[in-house]
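Chemist: sequence? don't have it. structure:
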């Protein structure tokens, strides 16, 4: 969800001059796969991962995924930050890298994963052929041209040959450490590395930084980052670093603003350092480790995670870690690799993106910096996660972890509970140790409920419920539902006079109440359960029966419905909705889909209206601006292709889920329909291609249209196989299906359940080019 983009669009993009200019840029660009430069090569499923998917797009269609090196859930995402003509537009560079750029400014070590906000991009390093000059240090005068033909990227590895002739290779050594390998042209007179602690996304977000040249091989310091989200604590976050060279450098210096000196330390807003190696140095390795606690912890992370201080050893460890994660899903296309190649690329890239985040905050010592700004010690073998874009990931990515990697899922839940105990509230979106408070609702509720109903592991459920209940009852929580909760409780809906997003918040609060009620029921708190489950029906209070839409409602009870479709009304005006319009939020009752159907005049009317909603979307493939009908590039309506099943029309779920997979996803740089939002859109594709789709907080998986002939899920509880007989691009309709040899009624009960899948078994489909006669 391009949150910063949307604010920018509201203030700037609606101006015709900029829209025209950006459209011209978009039209002038062409897509194409990059030819990989020579270097190490991946194998197995990792060979299908295309890191350029999700790095292109324009406007609201920018994927925003950084393509560089990390381990699964790593804190370090060592990746190039790019520009074109030294310009980096915000909405194109949420992940630091945009495919259409041709310059690398530097290689930074923290990045967000496909967000809609500009933040992180910290602790930059850039190789050069000579030391910097005053005129180059402040305006990326040291940036270098590059070509995609000269890049090699696979999970855990990034390589590029810069126009300067310097070859850069980067791999990750663990969650908090990375190592670079630089190969300089022969007889380079002064091989140089620039250390850039003031580099950030956006430029200037580092409030203060330091650098210290500690010895002939070690550099350290910190950066105080205050970006779009990290500044929301009023201060920012400290990111500490230590760097170590494999060979001693022979000269060094620092700069403050444009003043370069031979000093060993610098501190300020715009600072940096350079280190120069002996003439003719051909290859050197340069290690970088981070900490969110202090420099000593960064050093400890380096020593613990990079045991041999060797690039090849770290590369082997990183690639093995990725292969293990990707091998949770094995695909057999029966010798038809050419026919399914593009789908395999899309699938394994999406699976890779789904495992990039959340971020491991806990360090090698087992310590983490909490939301209370205090250092906490974890029990052995425990992980604390952060960078949870909860409003997005609870829908797709978190349920995917609950199925494929339940140990990671339960660590997320335990992290949320610790966040509550440390900071006083369950977060909506924690970034490092900041309550960003981003987006609406309290959808950690659904993640917690998922852990309960799917039994992904043990955790402190009583404390979790205490935090959930506080946010559902107290309008004055620091991080909760906000002051409008008072009206919601007293009136059963949020009046449009109270907030701009009254309808969206009413719908989401009802959904969150359902989750609170279900957890209360698990704990035997029946009075609480009844209270919250009754409140979960409040979605009905913003339904206007005369129009059959959820509409803004005045405090006096009258409705003020919007025109449908409006021209992206929610960007330009107070519409009552957020991150979508009235047409898209019409279908948002995930916890009570039968109840939603009952609001329409008939089941047939529901199907007709939903079918029309998708048919209208087919007229607009552009992602530059949001589609006012179904919009695959944002989260509020991504469940909707699967909502036909509840009305007995699984054939339309199969039709439209395949349509979205083909229409909105591709193997090109613009292959994601919008911001990936920490893997939310990528995980959608994984689910859709499997032919399953989760309803968060339940054990239900809605059946769709499986893409591949045979998929094996290698789960902790057993091997689960999804077999699609006669699967092909044309055979998108399920003729019949069985779960463990038992027929599935594809009209009345086109679902399977978590226990059927997690414990191992066989889901078998028979596919054809047309729907069967009765669905």
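Modeler: Nice, thanks for sending it over. Being a predicted model, the structure only gives us computed values, none of them experimental.
Chemist: the longest helix seen in the chain: what's the following helix or strand?
Modeler: Longest helix of the chain, by residue count under DSSP state H: helix 502-522. Scanning forward in sequence from helix 502-522 by DSSP states H and E, the next helix or strand is helix 526-535.
Chemist: which strands and helices sit next to that next one?
Modeler: helix 502-522 (3 or more Cβ pairs under 8 Å, 6 or more residues apart in numbering; DSSP states H and E). For the C-beta atoms, the positions are set from N, CA and C on the backbone; glycine is no exception.
Chemist: return the set of buried residues in the helix it packs on.
Modeler: Applying a neighbour-count criterion of 16 or more other Cβ atoms under 10 Å, the buried positions in helix 502-522 are 502-521.
Chemist: kindly report the same for stretch 210-223.
Modeler: Neighbour-count burial for stretch 210-223 flags 210, 211, 212, 213, 214, 217, 219, 220, 221, 222, 223 (criterion: 16+ other Cβ under 10 Å).
Chemist: want to try a markdown table for these, with distance to residue 432 as columns?
Modeler: Below are the buried residues of stretch 210-223 laid out as a markdown table (distance: Cβ to Cβ, whole Å):
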| residue | distance to residue 432 |
| --- | --- |
| 210 | 18 |
| 211 | 21 |
| 212 | 22 |
| 213 | 27 |
| 214 | 25 |
| 217 | 28 |
| 219 | 22 |
| 220 | 19 |
| 221 | 17 |
| 222 | 13 |
| 223 | 12 |
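Chemist: can you list the weak-confidence ranges in the stretch 551-700 of the chain?
Modeler: For the stretch 551-700 of the chain, applying pLDDT under 70 flags the ranges 565-574.
Chemist: on the three-state scheme, residue 212 is what?
Modeler: At residue 212 the chain is in strand, as set by DSSP: H, G, I helix; E, B strand; the rest coil.
Chemist: what's opposite it in the beta bridge?
Modeler: residue 220, residue 265 (DSSP bridges).
Chemist: please tell me how far it sits from residue 205.
Modeler: Using Cβ to Cβ, to the nearest Å, residue 212 is found at 22 Å from residue 205.
Chemist: what of residue 431?
Modeler: In terms of Cβ to Cβ, residue 431 sits 13 Å off from residue 205.
Chemist: now list whatever residues contact both of these two.
Modeler: 119, 230 (Cβ atoms under 8 Å, 6 or more residues apart in numbering).
Chemist: the more surrounded of the two?
Modeler: Taking neighbours as other Cβ atoms under 10 Å, residue 431 and residue 205 compare with residue 431 leading, 28 against 23.
Chemist: show me the contacts for the nearest residue in space to the more buried one that is not next to it in sequence.
Modeler: Nearest residue to residue 431, sequence neighbours excluded (Cβ to Cβ, 6 or more residues apart in numbering): residue 229, at 4.7 Å. By Cβ under 8 Å, 6+ apart, the contact set of residue 229 is 117, 119, 429, 431, 434, 436, 438.
Chemist: the first one: how many residues sit nearby?
Modeler: So that's residue 117. Other residues lying near residue 117 total 26 when counted by other Cβ under 10 Å.
Chemist: can you check the second one too?
Modeler: Using other Cβ under 10 Å, the number of residues around residue 119 comes to 29.
Chemist: that one contacts residue 112, doesn't it?
Modeler: Yes - if you go by Cβ atoms under 8 Å, residue 119 and residue 112 touch, sitting 5.8 Å apart.
Chemist: least trustworthy helix or strand in this structure by mean pLDDT?
Modeler: Each helix and strand of the chain was given a mean pLDDT (mean pLDDT, DSSP states H and E); the minimum falls on helix 16-28 at a mean of 33.
Chemist: and the residue nearest the centre of the chain, how close does it get to residue 326?
Modeler: Centroid-nearest residue in the chain, with Cα atoms, centre = their mean: residue 678, separated by 0.7 Å. Here the criterion is Cβ to Cβ. By it, residue 678 lies 18 Å from residue 326.
Chemist: for residue 707, which non-adjacent residue is closest in space?
Modeler: The spatial neighbour of residue 707 that comes closest, neighbours along the chain excluded (Cβ to Cβ, 6+ apart), is residue 689 at 4.4 Å.
Chemist: roughly how far does the one you found sit from residue 738?
Modeler: 20 Å.
Chemist: looking at these two, which is more packed in?
Modeler: More crowded of residue 689 and residue 738, by other Cβ under 10 Å: residue 689, with 27 against 14.
Chemist: wait, doesn't that one sit right on residue 724?
Modeler: No - using Cβ under 8 Å, residue 689 is not in contact with residue 724; the gap is 10.5 Å.
Chemist: between those two, which contacts overlap?
Modeler: 706, 707, 708.
Chemist: list just the nearest of these to residue 105.
Modeler: Distance to residue 105 across the shared contacts of residue 689 and residue 724 (Cβ to Cβ) is lowest for residue 707, with 38.4 Å.
Chemist: where along the stretch 651-775 of the chain do the strands fall?
Modeler: For the stretch 651-775 of the chain, the strands defined by DSSP state E, counting those that start in this stretch cover 692-694, 700-703, 710-715, 718-725, 733-739, 742-743, 751-753, 761-768.
Chemist: packing partners of the second one?
Modeler: This points to strand 700-703. Helices and strands touching strand 700-703, by 3+ Cβ pairs under 8 Å, 6+ apart, are helix 650-663, strand 692-694, strand 751-753, helix 754-758.
Chemist: need the residues touching each of residue 119 and residue 112.
Modeler: Shared contacts of residue 119 and residue 112 (Cβ under 8 Å, 6+ apart): 201, 431.
Chemist: which residues of the stretch 201-350 of the chain score low on pLDDT?
Modeler: The stretch 201-350 of the chain contains residues with pLDDT under 70 at 307-309.
Chemist: contacting residues around residue 640?
Modeler: Going by Cβ under 8 Å, 6+ apart, residue 640 touches 587, 610, 613, 614, 630.
Chemist: quick one: closest of the strands of the stretch 651-775 of the chain to residue 341.
Modeler: Across the strands of the stretch 651-775 of the chain, closest to residue 341 is strand 710-715 (Cβ to Cβ), at 15.8 Å.
Chemist: mind listing what's buried along the closest one?
Modeler: 710, 711, 712, 713, 715.
Chemist: what angle do strand 761-768 and it make with each other?
Modeler: Orientation of strand 710-715 against strand 761-768 (axes from the mean of the first three to the mean of the last three Cα atoms, to 10 degrees) gives an angle of 160 degrees.
Chemist: show residues contacting strand 710-715.
Modeler: Strand 710-715 is contacted by residues 327-334, 403-404, 690, 719-724, 757-758, 760 when judged by Cβ under 8 Å, 6+ apart.
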